[in-house]
Structures are given as structure tokens and as C-alpha cells.
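[1] sequence and predicted structure, then a few things I'm wondering about:
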Amino acid sequence: MTTAESGWWSPWREAEGATILHVDLVPDEDREARAFALLDDEEQVRWHKFPVAAPRRRFALCRAALRIALAERLGCSNRRLSFGHGEHGKPFALVDGRRAAVGFNVSHANRHGLIAVAAHDWLGVDVEERAPGRDLDGIGSMVYGPTEQRLLTIAAGSRKVHLFYRLWSMKEALIKALGSGFSLNPSRFEIPAPMLHGVRSSAFRFPHDPSSSWRLIDLGEDRFAAALAYRVPPGGAIRHSTSTPDWNEPPTAPSGRVEAAPVSTGTRVPAGPVFAACGHVAVRPCNVGRQHYHRQACCMRVP
Ligand SMILES: CC(C)(COP(=O)(O)OP(=O)(O)OC[C@H]1O[C@@H](n2cnc3c(N)ncnc32)[C@H](O)[C@@H]1OP(=O)(O)O)[C@@H](O)C(=O)NCCC(=O)NCCS
């Protein structure tokens, strides 16, 4: 039986060298208990500290699926795997304590989890379930750039909902690929113009670091908005081999709050929303418990 058949995840998409898996996050106590058993001590401690059941479940199910998928890809047992974290919390895989030659990123939203795995690093994935009935223009005015805001304002009804989450998933995939999280103000860069108008894939450059090239892919479907972003290696095309990724050639990952240059459309981006000291958008206490809860509570988990 393959791991996909074992039910931790199902294959979802292949996109430019990345394999994207879908994780079913519907409540299921038995599955969550089995997922919990696959976690290491540190992860089990983390699981216990979640104050709320839904994010606790999402973490356990996605982390178990990630472990199984990575162990299979790396040819090691689950127990030999552990995770380190970058400055802003981006996890990377270790086998027997040494950095593994694999890139991945995880996203979860309500009933859906996505795991992107590739030979290269600097990979970001995001999934968002579309939730109508929110002040999307109000939120958009805090997190989107001028062109994005204009498009959102003129869209109505279900088109507005679709546009809001489509833009949001693309922005989040980019900041997750970069690893900065919301220490990078998302209103300070804009989605490339062709993608604003429906094109599904485009090259991208962060205004604060135009020397690095990125690729952005809209993966949205009926059930959810989703996007994948990755850094294009110097020299062009993405590698499909499983050789060691170029860990030693990082693009400029911002540390702390970043005031990126104006977007390349030539439009000056006005001073952004009021950012908390941590760089997150919603001004709420930064140190509300452990990191994951902090994210849910005080950052841009607007939907
Ligand atoms: C990364 C971030 C944008 C993800 O937001 P989210 O609403 O939790 O969204 P998602 O469900 O899409 O992603 C969560 C997953 O992203 C991964 N992740 C965590 N930090 C990440 C980062 N900096 N970059 C990329 N991926 C990251 C993790 O795998 C996490 O899931 P897990 O903890 O269950 O393994 C957000 O958590 C963030 O801004 N983090 C940085 C926090 C930070 O800088 N804190 C210090 C300042 S106070």
C-alpha cells in the first residue's frame, strides 16, 4: 500500500517540478489520534498547547502527512525526521539532525491542507477557503496595493469574494516562499498585472530585492483558492533532480520589518496599514502564547 492509499494525503497537482498533496482536514478523532502518534516529542508538546481544537487538528494531520510524504521521498523512517525553523518560523527538514535535500511548504485552511514538495527550496504554498460576508474592501485596503485595491473595489458579489481570496493566496504563497511571513508588509508588493486579470502563472520580483526571480502560479479551484510560488534558480529553469538544493544561495530574505521599494508599476505605494511591532497587520498583542496561536490570533489570518 502506498502512503497515498493509506489516507494521509492524496495527490493533487504537479506544478513545475513541485508535487502538491492534498490533506483532508475534516474532523476525525481516530485519524487525529493516529496522526498524533507519528509526531515527535516536540510536536506533541506543541499539539498539547493549542488552545483551540481546529488548529490543533490541522497541525497534527498536516504534520503527519508531511512526515510520511518526506520519509517516503527521502527513503528514511519517520523517526529519523525532525524539523528546524528559519528566522521567521519557516520549517525545513532534518534527517538524523542533518539538513535534508528537499524543499517543502505547508498550508492549511479549514477542511483543506496542501503540502508542496520539491527538490528545490524557496517554495511557498497557500490555500484559502473562500468565506463570503466579510468586509473584504476594508481588509483589502490594509493588505493590498493600489492596483489590487482598485480591482477589488469595482468587483461585486461572488466575483469580489473570488478576487479577494485569489489575490490573498498568491500574496501569501510569495511571502511563504521567501520565508519572511508577514514581517514583509503584503501591501508593499503587487501581484503581476497579467495575473490580476486572470492569467494563471507569471514571473515575479519583490520590489525590495529585484535581483531574485520568482515564479507565481495560481492553483485555485472550486473548493478553494490556492497558489504556489518558488524562486527561479540563478541560470533559469527549475531542476527536477533530487540533488542537493542550492541552500547556500539565499535571496534577500528580509529580517524584521521590511519597507520595500514602491511596486514596479511605477505607482508609489502609500504608507501601509498600521503594523504592530512584529510586522503583522492586525494590531493585537504579539506575544499571545505560542507561535502558532500567535499567528492565528494576531497576524493576517483575516479570512
Ligand atoms: C508564515 C505565515 C504567513 C503562515 O500563516 P498561516 O496563516 O499560519 O498560514 P498557512 O496555514 O498557510 O501556513 C502555516 C504553515 O506555514 C509554515 N510556515 C511557518 N512559518 C513560515 C514562514 N515564515 N515561511 C513559510 N512557511 C512558514 C508552517 O509549516 C506552518 O504550518 P505548521 O506550523 O502546521 O507546520 C505566518 O504564520 C507568519 O507570518 N509567520 C511568521 C511569524 C513571525 O515572523 N513571527 C515573529 C514576529 S512576531
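    Yep, that arrived.
[2] now do residue 66 against residue 85, distance only.
    Remark: distance between residue 66 and residue 85 (CB to CB, to the nearest Å) = 14 Å. (C-beta placed from N, C-alpha, C; glycine too.)
[3] oh, that last question was meant for residue 61, not what I typed.
    Distance from residue 61 to residue 85, by CB to CB: 20 Å.
[4] coming back round to it: so for residue 66 and residue 85, which sits in the more crowded spot?
    With neighbours defined as other CB atoms under 10 Å, residue 66 and residue 85 compare such that residue 66 has more, 25 against 11.
[5] so the more buried one touches residue 108, yeah?
    No: assessed by CB atoms under 8 Å, residue 66 is found out of contact with residue 108, at 10.6 Å.
[6] pick out the residue of the stretch 101-250 of the chain closest to the ligand.
    Residue nearest to the ligand within the stretch 101-250 of the chain (CB to the nearest ligand atom): residue 181, separated by 2.5 Å.
[7] let me know the helix or strand that residue 72 is in.
    Using DSSP states H and E, residue 72 falls within helix 53-74.
[8] next one: that helix to chain centre, how far?
    With CA atoms, centre = their mean, to the nearest Å as the basis, helix 53-74 stands 15 Å off its chain's centre.
[9] check stretch 218-231 too.
    10 Å.
[10] low-confidence ranges in the stretch 1-150 of the chain?
    Scanning the stretch 1-150 of the chain with the threshold set as pLDDT under 70 gives 1-6.
[11] for the ligand, what are the nearby residues on the stretch 1-150 of the chain?
    59, 62-63, 88-91, 105-108, 124, 126 (CB under 6 Å from any ligand atom).
[12] restricted to strands, list the residues you listed.
    Judged by DSSP state E, those include 91, 105, 106, 107, 108, 124, 126 as members of strands.
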